[in-house]
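**Q** Return atomic coordinates for the entry below.
(chains A and B, ligands or ions: 4)
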Amino acid sequence: MTSLAVTHAPAEAGTWTRVCRHADLIAERGVAALIGPHQVAVFLTFDGGLYALGNRDPYSGTHVMSRGIVGTRNGEPCVASPMHKQVFSLVTGACVDDPSVVVPTYPIRVNDETVEVSVA
Amino acid sequence: MTSAPGTRVVVVGCGPTAHRLVETLVARGFPGPITVFGEEPRPAYDRVALTSYLQGRSAEDLTYPVPDGVTLQLGSRVTGIDRDGLTVVTDTGQAEPYDVLVLATGSAPFVPPVPGRDLPGCFVYRTLDDLDAIRDAAREATSGVVVGGGLLGLEAADALRGLGLRTHIVEMSDRLMPRQVDAGGGAVLRGHVEALGLAVHAGSGVRAIEPGPDGRAARLVPPQGDAIEAEVVVFSAGIRPRDELARSCRLDVGERGGIVVDAGMRTSDEHIYAIGECALAGGAVYGLAGPCFTQAEVAADRIMGGTASFEGADMSTKLKLLGVEVAQFGEMSGALDVTYLDPVAGVYKKLFVSDDAKTLLGGICVGDAAPYDTLRPFVGRALPGSPSDLLFAGAGASVELPDDAQVCSCNNVSKGKVRTAIAEAGLTDVQGVKDCTRAGTTCGSCVPMLRRILAESGVDVGKGLCEHFALSRAELFDIVLVRGITTFSQLVAEHGTGRGCDVCKPVVASILASLGNGHILDGEQAALQDTNDHFLANIQKNGTYSVVPRVPGGEITPDKLIVIGEVARDFGLYTKITGGQRIDLLGARVEQLPGIWARLVAAGFESGHAYGKALRTVKSCVGSTWCRYGVQDSAGLAVALELRYRGLRSPHKLKAAVSGCARECAEARSKDFGIIATERGWNLYVGGNGGFTPRHADLLVADLPADDLVRVIDRFLMFYIRTADRLQRTSAWIEGLEGGLDYLRAVVLDDSLGICADLEAQMERHVESYVDEWRAAIEDPDKLRRFVSFVNAPGIPDPTIVFETERDQIRPVPVVLEGVRA
Ligand code: SRM
Ligand SMILES: Cc1cc2nc3c(=O)[nH]c(=O)nc-3n(C[C@H](O)[C@H](O)[C@H](O)COP(=O)(O)OP(=O)(O)OC[C@H]3O[C@@H](n4cnc5c(N)ncnc54)[C@H](O)[C@@H]3O)c2cc1C
Ligand code: SF4
Ligand code: FES
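**A** Numbering: from 1, shown residues only, chains lettered A, B, ... in the order given. Ligands and ions are numbered 1, 2, ... in the order given. Below is the predicted model of the structure:
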């Protein structure tokens, strides 16, 4: 993987926090990062896309989103909460089966081989 | 009434019927504002499935989605209706004007006026709040009584039993479920209920509920005989329509309650409708969801300016309670009747027919509801065969239904409607039929019938795994095996679409593992695993994990016991003896898992695969080594089998047990494979299950010597692994095998498919290639790197995980959920 990775988040952002090396990410397997008080789940998809979502599963209240199975629903990259399997879009953070439930999404980028997230 | 824009609809009551009404209005594009007042603090939920809440389903899961544009006023009771001013008022003084008012106030449980009925510890069984209160009370209690042995009473009794209470049922009538079964059926039903450990007091009433010294309910005193211990009392003695609002504004109500409505569900006031369990339609109050839903749809149609009418409804019922099927359809009497009784198996089936024995009038089933599925649609029609033939399940299964026969009574859907939907919308699975016709969406008992209609319509029924694979698990298995595929990416690229999901990925992970493709966390396989497999531990409700080392056959040395105790103490874990004869250590954070396992592995423990769809435990009894009755060394065999099949990935988990004699202390007949010692060898039973749908295992073969036994089990397990569906236990697999047990015997004993050598070789490869997953993980720094809460702060635990102390051990502090749903 190289830093050619596509980032799928709004470009405007405040301060960037380094999370890990891009090479540390395994495709379709998330990691969690602690940024100040925020827990962020970071995902690399098979096609090289990078996504950052809130790590809290709104249905169970636990911070486990990074541990869900990553895949697609109708072509859209998604993650299933490992607790009770509700599926969320990596792009919008919305629950696929109940769009009124949304987890936050954060800007993410690769800078010099390093993955950075902005929670500001 | 018209549906002019601006027409304001107000609904009183927010139960299933109200939900169906507003859902229908919204779906049909009703143009005006809709406001629903509900006394309960939450949106409408599936009351039919109420009991599943006590079995772990969440309130959110039971709650219906709120249709767009509907205003809900929850926790708000309507206390008055001003019919002249077209306004309702609530207990908080809010006034809401309406053009159309719909009363959907449901019903309230009837509590007989006996002394002590208001004591703490006395409950009804109607709402989620009732169930929360019952569950809380049950924590401190050991005994419970349900007053009323009808359908709901038995359901409540089962729930109390599930909460661990010694449970009694007190029923006025001389039998249980008097409205659904006759005396003969009642006797058989009673046998089933008592066999489950519930005490039945039929023909008995209640004189009083008496308190104990703490002022809480303690005893139920019957008119005659001894008092019954009763710390939790649930009244389930019938329901009464909630017509109090209607009475207070002088709408017509029936003599025995219920708001009088016409065929259009309109009350004696043209602006007001009444639907659901509060309505008296055609002289009857309907206490089942199906007719209530039909009423809601009729009222919605009328509000939209239509002319639909409610013509009464089928009150047939079928339920599976306490593992016993009970069903009743049509009339409960007739000129002639034919009865089938098997007191040993606990089966009672009766059909009522016309005096010429040609027309079916109704039927009663206890212990086997097959005639319900096949014959209910024939009520009032010519019988499709001779009554006695039809009473045998097998004979009924081939009966073809006419198009106008009703298949889903909850939603009043005919076979023709289902067939048309399948043909016109090109439906290919049960979900599609549900979405299109609503059939199957309520009690679910018609789903097998829907599957049959799909099959009759030439649809290959739902074997595709998910949107990514149109293939069944068994087909994928064959492809992976034959083509030697070793990665998900190759499989999905060549045989599927997209990038998979939480359904197909674990299936493929399991197939790859069954075929021996190295460590489950190697390379791409890691991304296929469920969180449990990924961390080689079971996730718990607060995001921590449990650790379950293997204890083969439940046999453990004192030294190893001490190590488990020390590890638990040193890492601050909660310990519990599991139902599988081993020890669970709970509350481990991700980053603690490697350290815990390093200690356990050093002491000679290995993964117990409690997290995997894999062999769990082989339970044992002490057997002939110690037990004075034992005829074989059951513990020894259990240990050998557990070591042979450990780590074997399968479509669902696998459990086994070995008992040393026919007394069966290891409960082998509740296992996927169970072995019971005989004087001459071992009897092998297969397809047993505890869990959701308990099933006793069937005897596959008797009196085998140990070597032959192992060979047959090898073949049985591998054949299951090759051909079963995803998450299908051996019990359901065997039930679904065409040809059943005889077919299975032919395959694994007589080698009718010529695959036994293959199956054995495949098992041999598994046995030889087995390595302990946890040992391999702690020896590999690359895998260990993933056992952290935070990639950018590996030393820091998740700060949101907090414990408190209970009975001298940790327990998770409950997570506070701010409402998920708006
Ligand atoms: C720990 C234990 C309860 C206990 O404290 O005793 C347990 C705990 C769980 N059981 Fe169980 N079951 C445990 C014995 C049983 C038994 C009894 C037995 O094995 O003899 C049964 C009934 C027997 C059977 O399976 O036929 C049982 C029937 C289930 C079922 C229903 C299976 C079914 O076929 O209907 C589930 C749900 C499922 O697998 O889909 C389940 C699922 C679970 C899960 C995995 C639920 C979950 O996903 O979180 C629980 C997590 C385990 C963990 O360690 O975190 N558990 N569970 C028992 C572990 C046994 C062991 O040592 O491995
Ligand atoms: C445990 C249980 C199991 C069941 N199992 C089955 C089954 O297997 N099959 C089947 O067909 N049926 C079953 N039923 C029956 C089924 O649930 C009912 O037929 C259905 O709930 C009726 O719906 P309803 O909306 O008319 O009434 P309800 O569900 O009673 O809803 C009425 C709602 O209105 C509210 N309300 C009342 N008065 C006011 C007021 N003045 N202001 C505001 N709100 C008010 C009530 O609080 C309640 O929430 C079961 C019921 C229970 C309790
Ligand atoms: S099953 Fe038989 S041998 Fe085993 S402990 Fe029970 S009585 Fe003894
Ligand atoms: S009969 Fe209840 S859902 Fe169809």
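**Q** can you give me the strands for the stretch 401-550 of chain B?
**A** Here the stretch 401-550 of chain B has its strands, by DSSP state E, counting those that start in this stretch, at B:406-408, B:413-414, B:538-539, B:545-547.
**Q** how about B:G636, what does it touch?
**A** B:553, B:623, B:625 (Cβ atoms under 8 Å, 6 or more residues apart in numbering or on different chains). C-betas here are computed from N, CA, C, even on glycine.
**Q** buried set for the helix or strand bottoming out on mean pLDDT in chain A?
**A** Lowest by mean pLDDT, DSSP states H and E among the helices and strands of chain A is strand A:98-102, with a mean of 84. Neighbour counts over strand A:98-102 (16 or more other Cβ atoms under 10 Å in any protein chain shown) mark A:101-102 as buried.
**Q** Distance check, B:G740 against B:I734.
**A** 7 Å (Cβ to Cβ, to the nearest Å).
**Q** Same drill for these two, tell me which one is more crowded.
**A** B:I734 (25 against 13; other Cβ atoms under 10 Å in any protein chain shown).
**Q** so the more buried one sits in a strand?
**A** No. Per DSSP: H, G, I helix; E, B strand; the rest coil, B:I734 lies outside any strand segment and is helix.
**Q** Next one: it from B:V124, what distance?
**A** Relative to B:V124, and taking Cβ to Cβ, B:I734 is found at 41 Å.
**Q** Just read off the phi/psi values of the spatially most central residue of chain B.
**A** The centroid of chain B falls nearest to B:F692 when counting by Cα atoms, centre = their mean (6.1 Å). Main-chain torsions, B:F692, degrees, to the nearest 10: phi -60, psi -50.
**Q** Can you list the buried residues in the helix ranked longest in chain B?
**A** For chain B, the helix with the greatest residue count under DSSP state H is helix B:706-723. Residues of helix B:706-723 classed as buried by neighbour count (16+ other Cβ under 10 Å): B:706, B:709-723.
**Q** Excluding residues flanking it in the chain, which one is nearest B:C756?
**A** B:R715 (5.3 Å; Cβ to Cβ, 6 or more residues apart in numbering or on different chains).
**Q** B:E325 now?
**A** B:A369 (3.8 Å).
**Q** still on that earlier bit, please tabulate the strands of the stretch 401-550 of chain B in CSV and include mean neighbour count as additional columns.
**A** What follows is the strands of the stretch 401-550 of chain B, written out as CSV (neighbours: other Cβ atoms under 10 Å in any protein chain shown):
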stretch, mean neighbour count
strand B:406-408, 25
strand B:413-414, 21
strand B:538-539, 20
strand B:545-547, 24
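**Q** need the contact list for the most far-flung residue of chain B relative to its centre.
**A** The outermost residue of chain B, judged by C-alpha distance from the chain's mean C-alpha position using Cα atoms, centre = their mean, is B:D84 at 48.1 Å. Residues near B:D84 by Cβ under 8 Å, 6+ apart: none.
**Q** Assumed it was part of a helix.
**A** No. According to three-state DSSP, B:D84 belongs to no helix; its state is coil.
**Q** State the pLDDT value of it.
**A** Model confidence at B:D84, expressed as pLDDT, equals 95.
**Q** how much space between it and B:C249?
**A** Taken as Cβ to Cβ, the span from B:D84 to B:C249 is 10 Å.
**Q** now do B:M718
**A** 71 Å.
**Q** Check B:A677 too.
**A** 73 Å.
**Q** Next: B:M449.
**A** Taking Cβ to Cβ, one finds B:M449 at 43 Å from B:C249.
**Q** more neighbours, those two?
**A** Legend: neighbour count by other Cβ under 10 Å for B:M449 and B:C249, higher for B:M449 (21 against 16).
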